[in-house]
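1. Requesting a structural model of the entry that follows:
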Amino acid sequence: MSTRAMARPRLVTPQFVLLGSAALAYFLADGMLVPAVPRYVAGELTGGNIAVGLAVAVFSLSALILRPWAGRLADRHGRSIAMVVGGIIFAVSVAGYGLADSVGVLAALRLLTGVGDAFFFVGAVTAMSDLAPAERRGEAISLFSLSLYVGLAVGPPIGESVVGAAGFTTVWLVAAGCALLAVLLALRVGETREPATGEAGGGPVRLIPRAAVVPALLLLALVWGMAGFLAFVPLYALDLGLPGAGFLLFGFAAIVVVIRSAGARIPDRLGAARSVRLSLLCATIGLALMGGWRSVPGLVLGTVVLGIGVALGTPAIMTLALDRARASERGAVMGVVSMSIDLAQGLGPATFGLAAAATTRNGGFLTAAVIAAAGLTLATRGWNRQRRPPLG
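-> Residues are numbered from 1 along each chain as shown. Below you'll find the predicted structure:
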């Protein structure tokens with residue numbers, strides 16, 4: 001065996017591919033619901049804007065609250081059971097949407113869907129961390145995240161097509177079927193949790209492990225600005241005289257996909273800590289360009305720089321967390337860190353809107369830049385002070 005082969009342990013194994021396929025099937029189901037749920041509430045259930053917002057938001061609420069408990073389940077009983085239980089809850093609740101005759105009933109079912117999402121997602125991302133060699137975790141997370149992006153890119157147009165051709169009941173059943181396919185694939189993946197080894201620093205796993213706190217705050221600072229950007233760039237583009245923001249959103253997504261695929265090894269080559277700092281620096285500069293340079297070139301350049309930051313950030317931040325977590329608490333760590341995504345998706349647009357109302361939309365981007373800069377400061381000064389626990 002060559003020295004190079006010994007230095008680069010294998011990442012893409014049949015088990016890793018099966019796990020990625022399970023995640024793709026799940027996120028495809030999730031993506032189908034993105035356009036279908038609002039249309040169902042507004043059309044079939046004759047709900048207004050508030051009803052639409054409620055039906056969409058309650059999914060994230062239950063997912064947010066239950067992610068730490070999902071992580072504890074994955075640590076205690078295995079990643080496979082978390083994925084299987086989550087996928088089944090997701091499938092059964094979505095299949096029941098067609099029986100909902102009021103917004104309240106649908107909202108209750110959406111809460112259950114969020115429960116399923118919490119367990120499946122945390123189980124899947126923790127299983128991925130088990131399968132990835134430690135020195136290739138950044139690459140593994142980058143590749144794994146492509147299943148999410150592909151599912152959420154392809155799922156919505158499929159959902160709209162199915163609704164148009166066969167109605168809402170069919171799209172609920174198709175989405176449920178995709179979730180059940182994810183369950184079957186998860187069963188084929190099997191259990192990836194390492195056997196207990198009595199590792200140093202062991203003991204009871206906290207609901208919020210210490211190793212997860214700083215990474216969760218870093219991810220919150222990064223995704224906060226991205227969420228505000230996605231919510232308000234369509235309006236800001238009109239302010240600048242553009243016909244729309246479609247090309248900007250496409251370009252942003254394309255940058256993330258290219259870096260997470262062709263550049264999947266970047267976080268491992270640069271090192272997780274350096275990649276996190278670079279990511280938050282790019283996010284700060286990109287958002288500041290959009291807010292401080294009120295022009296089309298400023299918006300385009302800022303979008304590109306922000307896209308680079310987001311592409312590098314999530315894999316690097318999760319790698320930092322996993323590098324400092326005991327094997328027995330990986331699920332709990334991933335549960336807490338992934339909570340930041342749900343929090344940021346709510347707080348980002350809300351704070352952006354408040355800042356824009358008090359000043360202008362430029363002020364919203366500048367506020368998001370300040371939050372990203374706070375994350376950069378934490379990444380530079382705070383993380384290195386943490387004591388790295390010995391690994392088993």
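2. only C-alpha atoms for contact and neighbour calcs from this point on.
-> Noted.
3. Where does the prediction get shaky in the chain?
-> Confidence mapping of the chain against pLDDT under 70 gives the ranges 1-8, 195-206, 382-392.
4. Any chance you could spot the residue sitting in the middle of it?
-> Nearest to the centroid of the C-alpha atoms of the chain, with distances taken as Cα atoms, centre = their mean, sits I341, at 5.8 Å.
5. For the stretch 51-200 of the chain, which segments are assigned as helices?
-> 79-95, 103-131, 137-166, 168-189 (DSSP state H, counting those that start in this stretch).
6. Make TSV out of these and add distance to L306 and mean neighbour count.
-> What follows is the helices of the stretch 51-200 of the chain, written out as TSV (distance: least, Cα to Cα, whole Å; neighbours: other Cα atoms under 10 Å):
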stretch	distance to L306	mean neighbour count
helix 79-95	32	25
helix 103-131	24	25
helix 137-166	17	20
helix 168-189	32	22
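7. L66 contacts V115, doesn't it?
-> Yes. Between L66 and V115 a contact is recorded at 6.7 Å, counting by Cα atoms under 8 Å.
8. Quickly list what's touching both of the two.
-> Taking Cα atoms under 8 Å, 6 or more residues apart in numbering as the contact rule, L66 and V115 have no neighbour in common.
9. Quickly find the element holding the residue nearest to the centre of the chain.
-> Assignment of secondary structure by DSSP states H and E places I341 within helix 330-358.
10. other SSEs contacting that helix?
-> Packing partners of helix 330-358 (3 or more Cα pairs under 8 Å, 6 or more residues apart in numbering; DSSP states H and E): helix 49-77, helix 103-131, helix 210-239, helix 296-323, helix 361-377.
11. Could you check the angle the first one makes with helix 330-358?
-> So the one you mean is helix 49-77. Using axes from the mean of the first three to the mean of the last three Cα atoms, to 10 degrees, the inter-axis angle of helix 49-77 relative to helix 330-358 is 160 degrees.
12. quick one: helix 49-77 to chain centroid distance?
-> The gap between the average C-alpha position of helix 49-77 and the chain average comes to 13 Å, counting by Cα atoms, centre = their mean, to the nearest Å.
13. now the second one
-> Taking Cα atoms, centre = their mean, the mean C-alpha location of helix 103-131 is offset from the chain mean by 12 Å.
14. Tell me how many other residues crowd I50.
-> The number of residues packed near I50 is 9, by other Cα atoms under 10 Å.
15. how much space between it and S102?
-> With distances taken as Cα to Cα, to the nearest Å, I50 is found 14 Å from S102.
16. about what we covered before: ok, which of the helices of the stretch 51-200 of the chain comes nearest V276?
-> Of all the helices of the stretch 51-200 of the chain, helix 137-166 sits nearest to V276, with 11.2 Å by Cα to Cα.
17. how far off helix 103-131 does the closest one point, in degrees?
-> Inter-element angle recorded for helix 137-166 and helix 103-131: 150 degrees (by the same axes, to 10 degrees).
18. Helix 137-166 - contacts with which helices or strands?
-> Helix 137-166 packs on helix 14-42, helix 103-131, helix 168-189, helix 246-261, helix 266-270, helix 296-323, going by 3+ Cα pairs under 8 Å, 6+ apart.
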